[in-house]
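**Student:** Model the structure of this input:
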Amino acid sequence: MTTPGNWTREHVDREIARLDTERDGISAGLMALEEHPGRRLLEGAVLEGRTEERWASCRTDIARLWELYSAYGAVLDEARALRTRRSRPSRAELDEMARLLTGANVRVPGEELPIGKRGLVEPAATNRTLTFDAVVAEMNTVWRRATELVAAVDDVWSIVLPRLDRVEASATETAALVDRLGGQAALAVEARVVAEVRKRLSDARARVAADPLRFVGVTARSRVGDVDLDGFERDLKGVQDGLRQLRLLQERYEERAQRVTGLLDVLAADEAETQRRRAHVLTRISYGVPDVPAAAAPLRARAAQVADLRRRDAWPQLSAQLSSLERDAYAAGERLRAARGELDALLARRDELRGLLQAYRAMAGGRGRGEDEVLERLHHRAYDVLWRAPCDLDDAARLVGEYQLAVTAPRPVHHRAVQLDARGIHNETGAEAGSGAGTETGSGTGGAGRAGGPTRAEGPRGEGEDNGDL
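**Tutor:** Take a look at the predicted model:
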């Protein structure tokens, strides 16, 4: 082992080079700490709480690191200056350089002495002398304390601040949408949501900046204290979705307004046609005719209100009212179609009963009962109701049912009165032949009677005539 007493120039040069490299590494580490974003933020922040306490100690540690670095460099520079005096130093010079490079020659400040424990002319702090290796060991201890705080603070800010920035960017985007759609006056609710989010974000950012150590361990990135960042993002997204819909409405309003106008024009024409058809049916059918709701005029009045909202740029109210107007216009059209279907069904039922009556009369003739007086009376009664305007469909259905049963019954006819309602459903009353009609020979004295009925030669009065019915 080479001892300081027998060092050569090569030993000295190698040790100086090693210590130079080591000092360069220390310098690079200290400069990295100085430039570290976490340290810079701590240096410029107004701190509080545990972070304020820890930062005060950390600043002392950082200052201590620079003191130790300066002391380290001073002795190293002294040894290098001695080495550069001559290319071939003497033995005494080599021994002095060896002593500087290996001995406890780095003078560093020690602990401060309380005023009561030092004399009048004694220094305020003790001084120590350390070797280079001892200085590096002490610097490593102080370095770990300082960088632990800076790294912890930087971790918190690296996790939380980007999330706050993201929510803030979303709030800024939302505010821009509010401005484009009329501003706070037109979108008061949306503007209040944005303002509340921004205020809460500002408070959260201030708390994180003032005492980041309070949030050490935050990994979910969803909350900062009592600030629910996920909730803020959901609120803002809901507002943005609604605003984008309003923006789309703003761009396509004219197209939608024209479509609604055309829809209301068609609705008004359909409504007039349905009213005309109802008036016609009322002259043909005595009751059960459905009403036709008047929808076109109220919907046109609502369309005028929507146009007024457009002039005032009241887009939120306009969106709701225009969508409601479109839905109601389509629904009114469906109701008109249903009403026309009901009106047509009434006339179709009457025509169905007429056809049924004529078919069973043909059946009666085919069975050789075309001159049957009872059948003729029943036929005439049903015919008279069916070709009367307006027609009682329930009464007509009952009479056609009676005639149908009489035609299909075996002779002699002891038929039961059958009531066929307007939907074509049989309802047998169980009445005997003597109570409703005469026999095939015409000897019965039922309520139909011969008075007012057609004779066999005449046939049913008016059969085959249109009577102006449609």
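
**Student:** Only C-alpha atoms from now on, for both contacts and neighbour counts.
**Tutor:** Fine.

**Student:** and whatever helix or strand residue 405 lives in, how far from the chain's centre?
**Tutor:** According to DSSP states H and E, residue 405 maps onto helix 393-408. Chain-centre distance of helix 393-408: 62 Å, with Cα atoms, centre = their mean, to the nearest Å.

**Student:** Any buried residues in that helix, and which?
**Tutor:** Across helix 393-408, burial judged by 16 or more other Cα atoms under 10 Å covers 393-407.

**Student:** helices or strands up against it?
**Tutor:** Other helices and strands packing on helix 393-408, by 3 or more Cα pairs under 8 Å, 6 or more residues apart in numbering; DSSP states H and E, are helix 315-366, helix 373-386, strand 418-420.

**Student:** cutoff 10 Å now
**Tutor:** helix 315-366, helix 373-386, strand 418-420, strand 426-428 (3 or more Cα pairs under 10 Å, 6 or more residues apart in numbering; DSSP states H and E).

**Student:** Return the set of buried residues in stretch 234-242.
**Tutor:** 235-236, 239-240.

**Student:** Which pLDDT does the model give the residue minimising distance to the centre of the chain?
**Tutor:** Closest residue to the average C-alpha location of the chain: residue 238 at 5.4 Å, with Cα atoms, centre = their mean. According to the prediction, residue 238 has pLDDT 82.

**Student:** For it, give me its contacts.
**Tutor:** Applying Cα atoms under 10 Å, 6 or more residues apart in numbering to residue 238 gives the contacts 190, 232, 244.

**Student:** any idea how far it is from residue 231?
**Tutor:** 11 Å (Cα to Cα, to the nearest Å).

**Student:** do the same with residue 277
**Tutor:** Counting by Cα to Cα, the gap from residue 277 to residue 231 is 58 Å.

**Student:** Could you do residue 188 as well?
**Tutor:** 20 Å.

**Student:** ok, now residue 244?
**Tutor:** 20 Å.

**Student:** which of those two has more neighbours?
**Tutor:** Taking neighbours as other Cα atoms under 10 Å, residue 244 and residue 231 compare with residue 244 leading, 16 against 13.

**Student:** three-state assignment of that one?
**Tutor:** helix (DSSP: H, G, I helix; E, B strand; the rest coil).

**Student:** wait, isn't it in contact with residue 173?
**Tutor:** No. Counting by Cα atoms under 10 Å, residue 244 does not reach residue 173; the two are 11.2 Å apart.

**Student:** Chain neighbours aside, what residue packs nearest to residue 388?
**Tutor:** Spatially, and ignoring its direct neighbours in sequence, residue 388 is nearest to residue 284 (7.9 Å; Cα to Cα, 6 or more residues apart in numbering).

**Student:** Which residues are in contact with that neighbour?
**Tutor:** Contacts of residue 284 by Cα under 10 Å, 6+ apart are 278, 346-347, 350, 386-393, 469-470.

**Student:** of the residues you listed, buried ones?
**Tutor:** 278, 346-347, 350, 386-393.

**Student:** Pick the one among these closest to residue 206.
**Tutor:** When the buried ones among the contacts of residue 284 are ranked by distance to residue 206 (Cα to Cα), residue 278 comes first, at 73.4 Å.

**Student:** tally of neighbours for residue 276?
**Tutor:** So residue 276, with other Cα under 10 Å, has 12 neighbours.

**Student:** so what's it up against?
**Tutor:** If you count contacts by Cα under 10 Å, 6+ apart, then residue 276 has 270, 282 around it.

**Student:** And it, what's its pLDDT?
**Tutor:** 95.

**Student:** Same question for the one 4 residues further on.
**Tutor:** Taken from the predicted model, the pLDDT recorded for residue 280 is 95.

**Student:** Kindly report the same for residue 370.
**Tutor:** 83.
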